[in-house]
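1. Build me a model:
(chains A and B)
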Number of protein chains: 2
Amino acid sequence: MAATSAPPASAQANGNGSAAGVGAPTNPMATALLTDQYQFSMAYAYWKAGKHADRAVFDLYFRKNPFGGEFTVFAGLEECIKFIANFKFTEHDISFLQSVMPTCEGAFFDYLREVDCSDVEVYSIPEGSVVFPKVPLMRVEGPVAVVQLLETPFVNLINYASLVTTNAARHRHVAGKSKVLLEFGLRRAQGPDGAISASKYCFMGGFDATSNVLAGNLFGIPLRGTHSHAFVSSYMSLDEIPDKALRSKDGSRVCQDFVSLVQEWLQKIQVADSLGGVFGYTNQSELAAFVSYALAFPSNFLALVDTYDVMRSGIPNFCAVALALHDLGYKASGIRLDSGDLAYLSIEARKVFRAVEKEFNLPGFAKMVITASNDLNEETIDALNKQGHEVDAFGIGTYLVTCYSQAALGCVFKLVEINSKPRIKLSEDVAKVSIPCKKRCFRLYGKEGYPLVDIMIRESEPSPKAGERILCRHPFIESKRAYVVPQHVEELLQCYWPGRSDKPRAELPSLDKIRSRCMQQLEKLRPDHIRRLNPTPYKVSVSAKLYDFIHCLWLNEAPVGELQ
Amino acid sequence: MAATSAPPASAQANGNGSAAGVGAPTNPMATALLTDQYQFSMAYAYWKAGKHADRAVFDLYFRKNPFGGEFTVFAGLEECIKFIANFKFTEHDISFLQSVMPTCEGAFFDYLREVDCSDVEVYSIPEGSVVFPKVPLMRVEGPVAVVQLLETPFVNLINYASLVTTNAARHRHVAGKSKVLLEFGLRRAQGPDGAISASKYCFMGGFDATSNVLAGNLFGIPLRGTHSHAFVSSYMSLDEIPDKALRSKDGSRVCQDFVSLVQEWLQKIQVADSLGGVFGYTNQSELAAFVSYALAFPSNFLALVDTYDVMRSGIPNFCAVALALHDLGYKASGIRLDSGDLAYLSIEARKVFRAVEKEFNLPGFAKMVITASNDLNEETIDALNKQGHEVDAFGIGTYLVTCYSQAALGCVFKLVEINSKPRIKLSEDVAKVSIPCKKRCFRLYGKEGYPLVDIMIRESEPSPKAGERILCRHPFIESKRAYVVPQHVEELLQCYWPGRSDKPRAELPSLDKIRSRCMQQLEKLRPDHIRRLNPTPYKVSVSAKLYDFIHCLWLNEAPVGELQ
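-> Below is the predicted model of the structure:
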């Protein structure tokens, strides 16, 4: 089995479309061979017909918002631009293609050897934007054979990215701004880069940190993680702690027997009136594990308290260690709950922390961070909110990264124009009819600052202007139309890859900036579009001219039926 | 953003555990940093307590079969072995870890610099085997700090691999042996290597080919793919075909105007009595696209027939081109349907092919391959089977690669022994209690050659033997037990990574061999375990000794409750 061919160090493109400054795709496997076989079959058929350089315009869009919602967050643009900046076939690739397409003429492979994306132009909505069905996320223009080769990798790089970013944004919405959201999905994603993408895009969608160390390294995402149940059960007793000394936080003194200090605190807790009767015997393996962890991370002690029994063992053991640390000037971070009734346990744990604060006069102890992390998702967080809980941070894995409730976003890539001739894709299902023509797209904002409607117009039409009345029509339903006087007009598609042309190229912002954009855009949206229950659909429209054109082309292409 | 650090060219391990001959992970991103942050926190705490080299045994297993079924196919082993063969921290990795763990002592990072998997032993069930809940798929033994670091990447590499292989095997089961199954999931998977893994593991689970060119290159999987709707709609008319000549298959003559030949056939079809009245005007863009594609691939003509109207345009256009090709000695391959009622359309298309065979006396024309490919899954194929259909090949994407009906397999990695002391993980949910002890696992076969039961025993116990009666007990339910006299006994866990030891190492077979193993294993299973509706659970048991030991340890560790 051959190794993946590495991407070329720099692409051959000229002009603004050069690879310089764009960098390589995150995954070195994202090379020009990462496409469907039929793209090469078509490329050959186009080439044989002398049609490969025909100038084609494709729209990349989706037809339905995921997760029963009425919004989607667009992500994956940077990876697409990196992909085309490095798009080039190596000799290894060419040999492989020759071996699987043995009937194709040799000159075709000479053509492929020269192919790059210098004749391609990519217009896109900025990454991290809130987007809606039918409006192109990207418009890709260039030689038809080349743009077809880009279809599969672009859809691959955008589909999951946008889906999981949207999922993360939905989790943020239900959890609220004040909660800490941690992405713990590495072991449940589709292999290494499913996981790495998940970490990147969940951060983009509003998560605060990840457990994935490689993602932290690649993208600068904050890392979080303490210990597992195995760590707790790997200890047998307190005798396993060879070095019991701990220096105080300010360095002024050394406690020679931290274990005894913890044991003293455990006894005090057990006899304290305000905590009375709650705590009997606690698990000593667990206590040993906590002590050992505290000795390693005295400034950052966070314990998983559910290995044996949360209320009877985990919480008193944690409090004893936290109180001993406090004696030495350290402040414990908190606990993690990974099973059981998270609402109940978090409330009970908080009660104990409050009681400890009061009993031992330790201001702030009640504010100990409670992290929860067992098979959480939008629904369970919503249910916790309704019941009441004391969780400060949610660690979310499986349901987040697999997008369990809807595991795919159906992005499509449709031909809308070739050699300046508009094309339409028909279907018996109206929702699947494509909107033809090379288009420009605008978001129209109302008086209150909320976006009102997105509108697509033909490229030749004048742009909508603030303060000017414009008719917005539903693309397919004749009766649905409305006049709008926008207070503000935003053009959605910007040029991110001008190819050989000298059009100015929009910057690819940092991950932090994209994340901020995402959060700002969601805040700008009218709340009824993002609520979980029965959200209101956001309106997407076409200009009157485009409406007429679509329906003229449609009639022209569709065969007249004959009932038999 | 830093690039991924490349895996070291060869690991430092000695003995049989050397990287030599194992190769690198498919994805260069699968490096030692691809793990959860808490594995490093724990490694540091173990190291601080002088416990990092404690000899630990972990079992990797799952608790429930996916997709409502009663079997799972195990996959991902080869990638895990490649991962540990190359497991080593680079200086880049160490610097990053120092930056995110600033309070850890420098000597810890010196320790990490020396870490590899030469002290680790991996026993595993062979890849492609049918497996069941609770039985360890892998037993990983070694220094506790190192084995913990392997937890996340192992679970990551096995979870999705086993899930999607199982999904593919289920699709194969419902489609039947005679159908061709094509994996078309590249654009819907979780990014580049979600897709590449999907292609590899769907092939393993019984698919015949993929559309993913890179997967074909990496794994030698057969490739399939023809053209898309965009190809069809990119043509306007037959005038767009500049070179109309086609040489006959045997090279003896050249048809100078293949377009006219096709048009003649289209007229013949339209007036043929046996096809009478069905065909009127067909779409000329579509016809042009078909002709163009046939000129490029005369020996392999397969047309997507649903861009405009399957029965009124796609099928007659296809037949005209196929008949013209036939005049020149070529045999067309068939059609693809990507929308509409696939049962009805495939039956109607077959009727036309039969009528054409008869009308024009072309033996074999009726056998034209019909491929279907619109949002297919287990349920839709089952429904098609019940209705009756004429589909020969299924192209399956979204539902297959996202494992839409259950997007994650819950593999876990549990400590079962440390320093020769058995450990148990308790839980209020009995299904989550781990089975302690370093174990050996066997599959017992009955008279008819079917596997009867899997049994786990303590390492110190004698192996079960063919012809000898053995008591098999349910691990948790006292009343569930049965005597078995196996006709044949198979030991399940084999040594794939002996580390520094001189134990013989099991070979990693080729993908083709693993695929054959998977299909043979499924055939050997009693049919009621694999049927779709209400399958019978396969029995998983422990020896009487292990049963007693589990329950003794359990009582010992569990706190006695106190009702208040």
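2. drop to CA atoms for contacts and neighbour counts, all remaining ones
-> Noted.
3. quick one: low-confidence ranges for chain A?
-> Within chain A, the segments meeting pLDDT under 70 span A:1-20, A:276-280, A:559-564.
4. Are the top helix by length along it and chain B in contact anywhere?
-> The longest helix of chain A (DSSP state H) is helix A:144-175. Yes. Interface with chain B: helix A:144-175 contributes A:152-153, A:155-157, A:159-161 (C-alpha under 8 Å from any C-alpha of the partner chain).
5. after that helix, next one along is what?
-> Following helix A:144-175 in sequence order, the next helix or strand is strand A:180-183 (DSSP states H and E).
6. So what's the gap between that next one and the chain middle?
-> The chain centroid and the centroid of strand A:180-183 are separated by 13 Å under C-alpha atoms, centre = their mean, to the nearest Å.
7. Please apply the same query to stretch A:444-458.
-> Centroid separation between stretch A:444-458 and its chain, computed with C-alpha atoms, centre = their mean, is 25 Å.
8. what comes up buried for that stretch?
-> Neighbour counts over stretch A:444-458 (16 or more other C-alpha atoms under 10 Å in any protein chain shown) mark A:444-446, A:450-458 as buried.
9. Same list, those residues, but as TSV with secondary structure and distance to chain B please.
-> TSV is the format used below for the buried residues of stretch A:444-458 (DSSP: H, G, I helix; E, B strand; the rest coil; distance: C-alpha to the nearest C-alpha, whole Å):
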residue	secondary structure	distance to chain B
A:444	strand	31
A:445	strand	33
A:446	coil	36
A:450	coil	33
A:451	strand	30
A:452	strand	31
A:453	strand	29
A:454	strand	26
A:455	strand	24
A:456	strand	21
A:457	strand	22
A:458	strand	19
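10. and these, which two are the farthest apart?
-> Spanning the widest gap among those are A:450 and A:458, at 24.6 Å by C-alpha to C-alpha.
11. Closest one of the residues of helix A:144-175 next to chain B to chain B?
-> residue A:156 (4.1 Å; C-alpha to the nearest C-alpha).
12. Please, where are all the strands along the stretch 1-150 of chain A?
-> Secondary structure of the stretch 1-150 of chain A by DSSP state E, counting those that start in this stretch: the strands cover A:55-61, A:72-73, A:121-124, A:130-131, A:138-143.
13. what do you get for the stretch 151-300 of chain A?
-> For the stretch 151-300 of chain A, the strands defined by DSSP E, counting those that start in this stretch occupy A:180-183, A:209-210, A:246-247, A:254-255.
14. among those, which is nearest chain B?
-> Smallest distance to chain B across the strands of the stretch 151-300 of chain A (C-alpha to the nearest C-alpha): 8.4 Å, for strand A:209-210.
15. to the chain's geometric centre, what's the distance from that closest one?
-> Distance, stretch centre to chain centre, for strand A:209-210: 12 Å (C-alpha atoms, centre = their mean).
16. name the helices or strands packed onto that strand?
-> Counting contacts by 3 or more C-alpha pairs under 8 Å, 6 or more residues apart in numbering or on different chains; DSSP states H and E, strand A:209-210 packs against strand A:180-183, helix A:191-204.
17. and if we set it to 10 Å?
-> If you count contacts as 3 or more C-alpha pairs under 10 Å, 6 or more residues apart in numbering or on different chains; DSSP states H and E, strand A:209-210 packs onto strand A:180-183, helix A:191-204, strand A:393-396.
18. Show the contacting residues for residue A:551.
-> Residue A:551 makes contact with A:435, A:475-476, A:478, A:557, according to C-alpha atoms under 10 Å, 6 or more residues apart in numbering or on different chains.
19. so where does it fall, helix or strand?
-> Per DSSP H and E, residue A:551 falls inside helix A:544-557.
20. thinking again about what came up before, could you dump the strands of the stretch 151-300 of chain A to CSV with mean neighbour count?
-> CSV is the format used below for these (neighbours: other C-alpha atoms under 10 Å in any protein chain shown):
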stretch, mean neighbour count
strand A:180-183, 24
strand A:209-210, 27
strand A:246-247, 18
strand A:254-255, 14
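21. And those: which comes nearest residue B:387?
-> Among the strands of the stretch 151-300 of chain A, strand A:180-183 comes nearest to residue B:387, with 44.5 Å by C-alpha to C-alpha.
22. Given that closest one, what are its sheet partners and their directions?
-> strand A:209-210 (parallel), strand A:393-396 (parallel) (DSSP bridges).
23. And the ones you listed: which comes nearest residue A:68?
-> Of the strands paired with strand A:180-183, nearest to residue A:68 by C-alpha to C-alpha is strand A:393-396, at 20.0 Å.
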